[in-house]
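Visitor: take a look and give me a structure for this.
(4 chains)
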Amino acid sequence: MVSNEKSVGSRLWIFAVWATTIFFIINLFGIIAAVVTSSFATRWLRAWFPDGFTTKWYFSAWAEFQLGDLLIVTFQIVFAVVFLSGLIGVPAAYAMARRNFPGKQIVLLLLLLPLLVPPVTFGIPLATVLYKSGLGGTMFGVILANLVPTVPFVILVMIPFIEQIDPRVEAAARVFGAGTFRMFIHVLLPLLLPGVLASLLLVLVRTIAMFELTFLTAGPTSQTLVVALYYAVFAAGVRAVQSIDAMAVVYMVTTLIWLVIALRFVNPTQMVTRAKQQPAH
Amino acid sequence: MVSNEKSVGSRLWIFAVWATTIFFIINLFGIIAAVVTSSFATRWLRAWFPDGFTTKWYFSAWAEFQLGDLLIVTFQIVFAVVFLSGLIGVPAAYAMARRNFPGKQIVLLLLLLPLLVPPVTFGIPLATVLYKSGLGGTMFGVILANLVPTVPFVILVMIPFIEQIDPRVEAAARVFGAGTFRMFIHVLLPLLLPGVLASLLLVLVRTIAMFELTFLTAGPTSQTLVVALYYAVFAAGVRAVQSIDAMAVVYMVTTLIWLVIALRFVNPTQMVTRAKQQPAH
Amino acid sequence: MAPSLSSFKTLRLDGVSRDFGTVNALRDLTLNIERGEFVALLGPSGCGKSTALNCIAGLLPTSRGAIFLDDQRLDILPTEERGFGMVFQNYALFPHMTVRDNIGFGLKMRGIPKAEAAARVEKAIETVRLGTQAHKLPGQLSGGQQQRVAIARAIVVEPPLVLMDEPLSNLDAKLRLEMRQEIRRIHAGLGSITIYVTHDQDEALSLADRIVVLRDGMIRQVGTPEDLYARPAHLDVAEFMGFRNRIPAKLKTRSGDAVAIDVNGVLLQGIAREEFKGDDVIAAIRPDDLFAGETNEGGIPAVVEAMEYRGRDFFGSARAKDGTELFFRASRRHAPGETVALIADPARLLVYGAAQ
Amino acid sequence: MAPSLSSFKTLRLDGVSRDFGTVNALRDLTLNIERGEFVALLGPSGCGKSTALNCIAGLLPTSRGAIFLDDQRLDILPTEERGFGMVFQNYALFPHMTVRDNIGFGLKMRGIPKAEAAARVEKAIETVRLGTQAHKLPGQLSGGQQQRVAIARAIVVEPPLVLMDEPLSNLDAKLRLEMRQEIRRIHAGLGSITIYVTHDQDEALSLADRIVVLRDGMIRQVGTPEDLYARPAHLDVAEFMGFRNRIPAKLKTRSGDAVAIDVNGVLLQGIAREEFKGDDVIAAIRPDDLFAGETNEGGIPAVVEAMEYRGRDFFGSARAKDGTELFFRASRRHAPGETVALIADPARLLVYGAAQ
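Guide: Coordinates of the predicted model:
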């Protein structure tokens, strides 16, 4: 509504910003396309298109990296992390959202730390402690290490979801005859479900992607896909580039599938801008 | 206000959640304390306290890892990324916040992708392309790779800051005689400054912490602290554990200093819950 | 288990109090309410009216006192066992349930058989005239429709007591008028007790059988709307009820409630509302009852400062010789600076002690 | 470059129109406003009043038409060169500047020398009575104080034209009354043109010299407050101005504007406000002017449905024989179901054509 439609300078500036943004997005997709193409290519030198297409790199990657076992371990770890994060995080978020107590701001800041501080910072000491206590290298250790950033993540994502629920809706459920348990089942759970699903799916994606903590705490039987991929890249030269590209594609597709599912349930920009909309109730 | 103070079950549950949270936070700090102690210890076996304290591991780490050069390179890369992210991200965020256009939701989702998708997913193809174009291994390549997640980050963090500014405040500036440039200088810039500072400081922390992309694109002269730390951990055994711990402490302190500065300017939970407060104007 | 509608006669609040830390938000609220009565708790924000309502509903524990429905003590029961109906200020509908499920929630929680519950829900939907909206979610309804759903949800359980917490404050002026009549009609049909919390005098006057004026957590006056409007017991209640003029005066004579007072040398007749200490008094009168006449006979002389047109009449502000600001009614626009004589209706000039 | 206050006589809007896509939000607004006039644009939301204001301010480009200040064409100038003052609905103060800097912003942008600017800011602060608040940020002020800052910021530049966009809608009722008088006083002191946008009839009636009623982007009536209140030109304007009763009737006789009409067999006198096609007419009257008398002589018989107490009087709704709902005033509470005779004031019963 408020715009000065005559200013040529600001139009040019907006155009420049848009051009940059679009260029940026096109490049991102071009790069991903390049890897996908490479993983299917028989040979690809400096031409625009590879000489031919094949799926053999996928089979060789599958065998070479024991992708089957790797995927099973990855999903065991990931689902354990997701389940435990939800179980601890959601009730903690409820307590944080509904109670005011001295030092609440400080607790919130402390919860933010594991999300903002790079995982290496606490990953190395954490691994040291885990190895000292005999949990290093086990699947349990990897799960424990991964919970350090995911539990605060669930708490922080769920707090706005919970704050958005009018406490008077809970009061109404009580007045109309629901005790604590039935209020939880009939009112709180259905209202929180989208938020819980969204935050846990994002935890799932984060955990699949978590290299640092898993790398530092995993042993041979508790490696995840991403750690194996790093080892492959690090030890490149021994293996064909396309085989690594094939593995990267498997990894990328695995992550994206879950991400798409997550985004179906929640548009994450809403978490930030949600409050601009008038609540329906 | 609305609470049933008589329910013993819910009190127990809240207590359990608090106990877990506090246990969690204490552990986190305990672990960090262990590393800091280790880096100052002469020898530390399975006792509660090390035999003696020394700063020699810091000197040995400084020399061994060429920490001086490493820090200079790290800060050159980090500041270039911060500067460019702000220059591109803030105007793009302004355009996204103020204009409605078909497909805006899709563009927002595309911008979210580099934040949600694990960096390895696009890091490997990005590195491939950079190496093919001759930028791989150079400082410029590292900066370019780091911009892929930071520009969308700045855009997404700035959008709520900008949306919070009533467009009528800009209209008022125009009505009272300010053209586009003077409106920007006298009104927009002062109002956006806290948001810009906060988002750029968070970019700074993210970039210091960004292992994956830097690892994949850096050469010997463009390594950052975190990559060197990984190499050190990976090649452990050759070097004393305490020397690595000392380096981890240097890294941790570097990150935390910037994080504390960032948190002085903005409480990141506000980005989510800000809308609950009545705006002052 | 929940108290049933069929039997009760009286709700009795006996010294109900609530402290927040050291603050006494509600002090010794004692009140008997008969079946069929519509009682409004009226007062400015912070007067304790919402605290009182939440204590009665059980959403806040009481600090002292007791609540009885006939002989059954209610304040020791948890909220969900009191069996009241409540209409919340912002409706507090369950956003994930349809209108029908929202209304039926209370019946479901009480374990009413499905067929009977469905029949009662349909009847409630009819009572609030929401037939075509029953399958929608609250978010799809307008403010007035949501308000109706909230009312239907409260009355479908046929509670002995319906609590309403400023239910109309989020509606626009036109809808507010309509909903007032709706609430009155539904209350009459239900035959239970309604306790209605509001800060709006018009709402309390038009709806209630009895009004309880609260201030600082204490009862200031209990009375019919006519009592409150014409005969506020205290100066603060009078101000709250629209007696905008507050004129310092000297007491001249008093016989019974009829008093004569001196305002800037002009002798006025009025009605005393309390005992005075000394002869400093305050006269209170509505702008409506202070009229700028065409003659100067018996009026308070004052200099017009501003006038405004309100349709039928003009209203203005003027300043008396001693600096008191006076708000008055007039039949034409007087020019600022003009001196007018303001004539007070003696039956509507109330006199209070100044020491208060 | 900006038009100066000293010289101008007239603001002329000449066919100003604004389309949003295919929607004509504002159609052919033509109006001459003399220096010193206070004009209110009045209408329900979506009537085009805010669009008109934004077009005049330059915040929205016009689609057609022109705006002149005497002979200078303004609509081709960018907003910042028009030199108007504007008070925004939500104040739109600069949240990072002190009160003093907010008020001085316009002077700074116009390059007024510092000493002169400071003197004018102090004078403006005094005008709006904000002396002790001058060093504070807007966030530290109450709503009414922020409103005063917004007004001071608009008048300090001594603009030929002050635009006000529902400036009082965020204030509570008491403050709104005070600020009305303040705005009138400041307008009188400044001597420029004020254009005031509102959807509140009371505000328009009490403030403006002339009211422009808009609907669907078009002017429906232009007139003084007294014109609008007593003699709305169209039925829709009448409804908007509070003629809540809308009674279908048959025209019996007409001589000049005096008409006799038949309502359910009762003959009533009224005043015609337009030409009729056929003899189906609609009579419009305010509830205030339809009185439930004690005799049945000459009244419209109707069955009482609801009554409510409004202090001094009672208001009620009743239904006439043909099903028309009637809103009326009464001196006592009539029981629902009782039949009353509603007597209309002939001078206030306006008659419009039914075909409309």
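Visitor: report the helix or strand with the lowest average pLDDT across chain C.
Guide: helix C:173-190 (a mean of 82; mean pLDDT, DSSP states H and E).
Visitor: so for that one, what gets flagged as buried?
Guide: C:175-177, C:179-184, C:186-187, C:190 (16 or more other Cβ atoms under 10 Å in any protein chain shown). Just so you know, the C-beta spots here come from the backbone N, C-alpha and C atoms, and that holds for glycine as well.
Visitor: how about stretch C:325-332 as PDB, C-alpha atoms only?
Guide: The C-alpha atoms that make up stretch C:325-332 are tabulated as PDB, following Å, rounded to 0.1, in the frame of the first residue of the first chain:
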ATOM      1  CA  GLU C 325     -14.200  22.000  35.500                       C
ATOM      2  CA  LEU C 326     -17.900  21.400  34.700                       C
ATOM      3  CA  PHE C 327     -19.400  19.200  32.000                       C
ATOM      4  CA  PHE C 328     -22.900  20.200  30.900                       C
ATOM      5  CA  ARG C 329     -25.600  19.800  28.400                       C
ATOM      6  CA  ALA C 330     -27.000  22.600  26.200                       C
ATOM      7  CA  SER C 331     -29.600  23.000  23.500                       C
ATOM      8  CA  ARG C 332     -27.300  25.200  21.300                       C
END
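Visitor: tell me the buried residues in it?
Guide: For stretch C:325-332, using 16+ other Cβ under 10 Å, the buried residues are C:326-330.
Visitor: and for stretch A:189-207?
Guide: Neighbour-count burial for stretch A:189-207 [16+ other Cβ under 10 Å]: A:191-192, A:195-207.
Visitor: quick one: the least confident helix or strand of chain C near chain D?
Guide: Yes: Helix C:173-190 is in contact with chain D by Cβ under 8 Å from any Cβ of the partner chain, via C:180-181, C:184-185.
Visitor: show me the strands in the stretch 51-200 of chain C, by range?
Guide: C:64-69, C:72-73, C:85-87, C:161-165, C:193-198 (DSSP state E, counting those that start in this stretch).
Visitor: right, and those - which one's nearest C:Gly43?
Guide: The closest of the strands of the stretch 51-200 of chain C to C:Gly43 is strand C:193-198. By Cβ to Cβ, the value is 8.8 Å.
Visitor: restricting to C-alpha, output the following helix or strand past that closest one in PDB.
Guide: Next helix or strand after strand C:193-198 toward the C-terminus (DSSP states H and E): helix C:201-207. Provided in PDB are the C-alpha atoms of helix C:201-207 (Å, rounded to 0.1, in the frame of the first residue of the first chain):
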ATOM      1  CA  GLN C 201     -21.800   0.000  33.300                       C
ATOM      2  CA  ASP C 202     -24.300  -0.200  30.400                       C
ATOM      3  CA  GLU C 203     -23.900  -3.900  30.200                       C
ATOM      4  CA  ALA C 204     -24.500  -4.400  33.900                       C
ATOM      5  CA  LEU C 205     -27.400  -2.000  34.000                       C
ATOM      6  CA  SER C 206     -29.200  -3.600  31.100                       C
ATOM      7  CA  LEU C 207     -28.600  -7.300  32.000                       C
END
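Visitor: so which elements touch helix C:201-207?
Guide: strand C:38-42, helix C:173-190, strand C:193-198, helix C:225-230, strand D:300-309 (3 or more Cβ pairs under 8 Å, 6 or more residues apart in numbering or on different chains; DSSP states H and E).
Visitor: repeat that with 7 Å
Guide: Helices and strands touching helix C:201-207, by 3 or more Cβ pairs under 7 Å, 6 or more residues apart in numbering or on different chains; DSSP states H and E, are strand C:38-42, helix C:173-190, strand D:300-309.
Visitor: list of residues touching that helix?
Guide: Helix C:201-207 is touched from outside by C:38, C:40, C:42, C:168, C:180, C:183-184, C:196, C:198, C:211, C:225, C:229, C:241-242, D:308-311, with contacts defined as Cβ atoms under 7 Å, 6 or more residues apart in numbering or on different chains.
Visitor: next one: that helix to chain centre, how far?
Guide: 6 Å (Cα atoms, centre = their mean, to the nearest Å).
Visitor: what about the closest residue to C:Phe105 other than its chain neighbours, how many residues nearby?
Guide: Distances taken as Cβ to Cβ, 6 or more residues apart in numbering or on different chains place A:Phe176 nearest to C:Phe105, at 5.3 Å, with adjacent residues excluded. Number of residues near A:Phe176 (other Cβ atoms under 10 Å in any protein chain shown) recorded here: 28.
Visitor: identify the residues contacting A:Phe176.
Guide: Per Cβ under 7 Å, 6+ apart, neighbours of A:Phe176: C:105-106, C:109, C:153, C:157.
Visitor: list buried residues within these.
Guide: Buried among these by 16+ other Cβ under 10 Å: C:105-106, C:109, C:153, C:157.
Visitor: any idea how chain C splits into domains?
Guide: C:10-235, C:244-353 (automatic domain parsing).
Visitor: can you count the residues close to C:Asp209?
Guide: 15.
Visitor: my guess is it contacts C:Arg35. True?
Guide: No: contact criterion Cβ atoms under 7 Å: C:Asp209 and C:Arg35 do not qualify, at 11.8 Å.
Visitor: pLDDT weak spots in chain C?
Guide: Scanning chain C for pLDDT under 70 picks out C:1-6, C:296, C:355-356.
Visitor: get me the contact residues on it for chain B.
Guide: By Cβ under 7 Å from any Cβ of the partner chain, the residues of chain C that approach chain B are C:54, C:59-61, C:78-79.
Visitor: that's all I had, so thanks and see you.
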